[in-house]
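**Student:** predicted coordinates and the sequence they were generated for:
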Amino acid sequence: MRFIVSRTCLLCATISLLGCGIRGPLVLPKVPPPPVAPEKAEPTEKQWPPAKDSK
């Protein structure tokens, strides 16, 4: 029983060390910078095209 448990643990450790098969160093993906916020807020007045009035 002890032999089976030790071999199973060794097999699991070996498989986990193999990883997913990607070669080379692990790097984080390059994330683009967030967009710049506009200086002025959008107008809250009448905008084109005007909204249809529901009657």
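**Tutor:** Right, received. Where do you want to start?
**Student:** now the helices for this protein?
**Tutor:** Per DSSP state H, the chain carries helices over the ranges 2-18.
**Student:** figure out how far stretch 29-44 is from the centre of its chain.
**Tutor:** Put simply, stretch 29-44 sits 20 Å off its chain's centre (CA atoms, centre = their mean, to the nearest Å).
**Student:** and residue 29, its phi and psi?
**Tutor:** Per-residue torsions, residue 29: phi -70, psi 150 (degrees, to the nearest 10).
**Student:** start the count at 30, not 1, going forward
**Tutor:** Sure thing, new numbering starts at 30, so read that last one as residue 58.
**Student:** now for it, how many residues are close by?
**Tutor:** Using other CB atoms under 10 Å, residue 58 has 4 other residues around it. Glycine gets a C-beta too; all of them are placed from N, C-alpha and C.
**Student:** ditto for residue 54
**Tutor:** With neighbours defined by other CB under 10 Å, the count for residue 54 comes to 5.
**Student:** that one: what's it in contact with?
**Tutor:** For residue 54, no contacting residues are found, by CB atoms under 8 Å, 6 or more residues apart in numbering.
**Student:** separation between it and residue 62?
**Tutor:** For residue 54, the distance to residue 62 (CB to CB, to the nearest Å) stands at 24 Å.
**Student:** and for residue 69?
**Tutor:** Residue 69 is 21 Å from residue 62, by CB to CB.
**Student:** could you do residue 77 as well?
**Tutor:** 32 Å.
**Student:** again, but for residue 74
**Tutor:** Taking CB to CB, one finds residue 74 at 32 Å from residue 62.
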